[in-house]
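Enquirer: generate a structure from the sequence data that follows.
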Amino acid sequence: MSRSINRTNRLRAALRYLDERGGAASRLDVWDAARARVPLEGEELAPNQHGKPQGQSDFFWGSAGLVHAGFLSKPVRGEWHVTDDGRRASADGVPFEQFRAALNDRQRAFQRALREDREMRLRTEILPPDDRAELVRMTGQVFVERGLRALDSVFAPGREIWRADVVAELERCFLEQPDIEGADFLERLGRQFDGTSDDAKLLMAELIGWQVLPLQNPGEKKKRQRVEFLLGQMDHPVTIPGDIDSAFRAWSFNPGTGMSVQLYRAMSIVMRCASMWIALDREAREHALDDPWAWRDFVDNIPGAAFPTQRNELLYLVHPGVFGEVISSTAREAIRLAFAGEVEGQADDDPDAQFQQIAIALQAKAKGPAKFYEEPLFGRWQQVEPTVRKDEPQVSDPGESISVLVQAEPPVRSPFPSVVPILATSLHMPERWLQDTLDLIERRKQVILYGPPGTGKTFLAQVLSKHVTGGTDGETTIVQFHPTYSYEDFFEGFRPVANDDSGNLAFSLRKGPLRRLADSAAANPEANYFLVIDEINRGNIAKVFGELYFLLEYRDSEISLLYSDEPFTLPSNIFIIGTMNTADRSIAMLDAAMRRRFAFIELHPEREPVQNVLSRWVEAKGLQDDRADLLSRLNAQIQDHDAKVGPSFLMRDLAGTGLQDVWRYEILPLLAEHHYGEGVDLEARYGLTTLRRQATPSVSDGAEGAFVDD
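Expert: Sure, this is the predicted structure:
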């Protein structure tokens, strides 16, 4: 008999024994009776890590399934009771297949109810550490049910791609061509799958999606890129379903460097998993999906490199509530050693079962998930030295190249791309100044460009941010502050929405631009994200930022949000550039907290890098007019440092009466506001005629209408 059939027969024998004994007996007596009636054989006799037979571990784990099915209860530690349902299901006249079907059906019903009952989950399974991990689990079950169980396409339901011929095609393309040339994983993948069937490309894309789903690195965009690469090469392309595409923004764990660097080895195990899966009969597949220990046996038998982290990820993807989000074998051992006292006297011999018991015990104390990578739990296990038995073979794990006794390093953010000459030329600014500015932004994370009107603050902020995000697969969001702009507009707040056909209103929590940007940045930690805040000084900074004001200075800290009441950290890969018009408000008027949180970069018409922008622009355009000289003379007439005029007003087509129009309708009204109530004759002091009288006879002004009086 197979190991799974023997286990089920042994569980049925346990129920029969309990019934014969009046309904109750000790745990060990039940085991002895069940083993006597269904003796251990074959691989069941092999010892586990604690020297006990594998069949014994199978039995005691399977007893939990009897409890979930309602066939058994364990009211007192070490004492088992058969239920009325258990008596009926295991009666002598009930065929074995009927008993097994009833057991499996009830276990599945229990799992469905479990997903809906947090209190029950708290007592019976490892909970996800956060909402992101919960989303990964839910999406992972789509791959399990639609792919592994139904052998159907996850991305194109109704298309049967889990076939032996398709898997064989994958093996020929991928496993048998490991050294094909290519600059990176995707380029090699494209060459490996060149000329293959659409079904092969689709299945490979789905396997890649399944493998990257719970990983923190790569981020959302690179996950999507890997999956879409082969989908886009199909003769008849398929798109990623929306629910799966959205889940790529979430993650469950940081896998370390091994799975990020050795992509071929990791995917080889996943592909061999698919190959072995197709070779199983339907009954064996159903059993592995319903029984976590049967699935573990299956994963352990996948040929190829040891790579424990990748194999542990496969365990997690199918049975996350049993194996949990800690996929490092070394970390799991350290946690078992550190928290063994939590289950002293009742710990299971099986290390994975013991890990689950510890997690559940800690959940009961915390009234929530056991967060092993956060304090206070993290500090208790990180210094524990895992024990290694001398008789155990030592296998190098490429997936654990980072020591797990210290928390895994977060994914590395891509550094800012350097300023290139073409960028400096397009901005008409010195390359060295631009590079120093980018270095300051990268170092300080938030800066304010300040200066008089027309100095190109907003334009420069957009160009620099897009230079960075375009080169590192990031994103730029632009907002403008104003006196009525609020926290609810900026971050999140309740907004009225029509909730039915009658038009009745309800209030829904809506995310603002910063919250959406933060979600994207957290999902793509290797990319750079920019928030450009135009006219930052026109808003009530303390009101708009609220509790987020604290995070501008302490990026690694966590705070509770005002409305959603959940912990939030401002991702370190978000960079903020604010712009501030000093004609409206001097930086001296900003509160000290604001000045402390930002670095300030002045853009002034009479200083670099703005001083010669207009003359360089005129030269680049091949113009022969006097606009640059006129601007210099104008600013020489303006005494207030913050009231001078920037070159942007004149960096446009001024043919015809264009120069006069800009002067009359834009520049002079700006100066009129500055001199309000002073009785200054603006035309006499700042008019074109006045400024031109200051010119020497040698000045050339070829602009059409240049000598027309205002």
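Enquirer: surely residue 580 is in a helix?
Expert: No: looking at residue 580 with DSSP: H, G, I helix; E, B strand; the rest coil, it is strand, so not inside a helix.
Enquirer: around the closest residue to it other than its chain neighbours, how many other residues sit close by?
Expert: Nearest residue to residue 580, sequence neighbours excluded (C-beta to C-beta, 6 or more residues apart in numbering): residue 450, at 4.1 Å. Any C-beta I mention is one placed from the backbone N, CA and C, and that applies to glycine too. Residue 450: 25 surrounding residues under other C-beta atoms under 10 Å.
Enquirer: then the one 10 residues further on?
Expert: Residue 460 has 22 neighbouring residues, counting by other C-beta under 10 Å.
Enquirer: name the SS class of it, please.
Expert: Per three-state DSSP, residue 460 ends up helix.
Enquirer: that one and residue 308: what is the separation?
Expert: 50 Å (C-beta to C-beta, to the nearest Å).
Enquirer: cool, residue 57 as well?
Expert: Distance from residue 57 to residue 308, by C-beta to C-beta: 19 Å.
Enquirer: same thing with residue 609?
Expert: 54 Å.
Enquirer: so where's the stretch 251-400 of the chain uncertain?
Expert: Counting by pLDDT under 70, the ranges of the stretch 251-400 of the chain that qualify are 347, 385-400.
Enquirer: hmm, 80 instead?
Expert: 256-261, 345-348, 384-400 (pLDDT under 80).
Enquirer: do you have the helices of it handy? List them.
Expert: 257-261, 263-279, 282-290, 292-300, 308-318, 320-323, 329-338, 351-366, 377-381 (DSSP state H, counting those that start in this stretch).
Enquirer: redo the ones you listed as CSV? Include mean neighbour count and distance to residue 184.
Expert: Below are those laid out as CSV (neighbours: other C-beta atoms under 10 Å; distance: least, C-beta to C-beta, whole Å):
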stretch, mean neighbour count, distance to residue 184
helix 257-261, 20, 12
helix 263-279, 19, 9
helix 282-290, 18, 34
helix 292-300, 20, 28
helix 308-318, 23, 20
helix 320-323, 24, 30
helix 329-338, 21, 29
helix 351-366, 19, 35
helix 377-381, 15, 34
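Enquirer: mind checking the SS state of residue 206?
Expert: helix.
Enquirer: which residue is the nearest non-sequential neighbour of it?
Expert: Closest to residue 206 by C-beta to C-beta, 6+ apart is residue 154, at 5.0 Å.
Enquirer: the one you found against residue 244, yeah?
Expert: Yes: Residue 154 lies in contact with residue 244 (C-beta atoms under 8 Å); the separation is 7.1 Å.
Enquirer: identify the contacts common to the two.
Expert: The contact sets of residue 154 and residue 244 overlap at 142, 209 (C-beta atoms under 8 Å, 6 or more residues apart in numbering).
Enquirer: quick one: residues contacting the spatially most central residue of the chain.
Expert: Among the residues of the chain, the one closest to the centroid is residue 523, at 2.5 Å (C-alpha atoms, centre = their mean). With contact taken as C-beta under 8 Å, 6+ apart, residue 523 is in contact with 219, 220, 248, 249, 250, 251.
Enquirer: check contacts around the third one.
Expert: When the contact criterion is C-beta under 8 Å, 6+ apart, the partners of residue 248 are 212, 213, 220, 223, 224, 227, 523.
Enquirer: go ahead and confirm residue 178 touches residue 262.
Expert: No: using C-beta under 8 Å, residue 178 is not in contact with residue 262; the gap is 11.5 Å.
Enquirer: show me where the chain has its strands.
Expert: Per DSSP state E, the chain carries strands over the ranges 24-26, 72-76, 79-82, 446-451, 475-480, 492-498, 505-511, 529-534, 559-560, 567-568, 574-581, 599-602.
Enquirer: could you give the average pLDDT over the first one?
Expert: So that's strand 24-26. Confidence for strand 24-26, expressed as mean pLDDT, is 93.
Enquirer: shouldn't residue 435 be in contact with residue 421?
Expert: No: taking C-beta under 8 Å as the definition, residue 435 is not a contact partner of residue 421, at 11.0 Å.
Enquirer: those two: which has the busier surroundings?
Expert: residue 435 (16 against 8).
Enquirer: quick check: which of the strands of the chain is nearest to residue 367?
Expert: Each of the strands of the chain has some distance to residue 367 by C-beta to C-beta; the shortest is strand 567-568, at 15.9 Å.
Enquirer: hang on, the earlier thing: which one of residue 178 and residue 262 has more residues nearby?
Expert: Of the pair residue 178 and residue 262, residue 262 is the one with more neighbours under other C-beta under 10 Å, namely 17 against 11.
Enquirer: in the sheet, who's paired with the closest residue to residue 24 other than its chain neighbours?
Expert: Nearest residue to residue 24 in three dimensions, chain neighbours excluded: residue 81, at 4.8 Å (C-beta to C-beta, 6+ apart). Beta-bridge partners for residue 81, by DSSP bridges, are residue 24, residue 73.
Enquirer: what about residue 81, how many residues nearby?
Expert: Neighbours of residue 81 (other C-beta under 10 Å): 15.
Enquirer: contacting residues for it?
Expert: 18, 23, 24, 72, 73, 74, 75.
Enquirer: quick one, grab the pLDDT at it.
Expert: 93.
Enquirer: since we're on the nearest residue to residue 374 once chain neighbours are set aside, how many residues are nearby?
Expert: Closest residue to residue 374 apart from its sequence neighbours, by C-beta to C-beta, 6+ apart: residue 129 at 7.9 Å. Other residues within reach of residue 129, judged by other C-beta under 10 Å, total 20.
Enquirer: please apply the same query to residue 482.
Expert: Residues within reach of residue 482, counting by other C-beta under 10 Å, total 11.
Enquirer: my guess is it contacts residue 537. True?
Expert: No: look at residue 482 against residue 537 with C-beta under 8 Å: they stay out of range, at 10.8 Å.
Enquirer: quick one: common contacting residues for those two?
Expert: By C-beta under 8 Å, 6+ apart, no residue touches both residue 482 and residue 537.
Enquirer: other SSEs contacting the helix or strand of the chain with the lowest mean pLDDT?
Expert: Least confident helix or strand, the chain: helix 257-261 with a mean of 73, by mean pLDDT, DSSP states H and E. Packing contacts for helix 257-261, counted by 3 or more C-beta pairs under 8 Å, 6 or more residues apart in numbering; DSSP states H and E, involve helix 308-318.
Enquirer: need the contact list for residue 66.
Expert: 11, 14, 15, 72, 86, 103 are the contacts of residue 66 under C-beta under 8 Å, 6+ apart.
Enquirer: ok, 7 Å please
Expert: 11, 72, 86 (C-beta atoms under 7 Å, 6 or more residues apart in numbering).
Enquirer: next one: residue 507
Expert: By C-beta under 7 Å, 6+ apart, the contact list for residue 507 reads 494, 495, 496.
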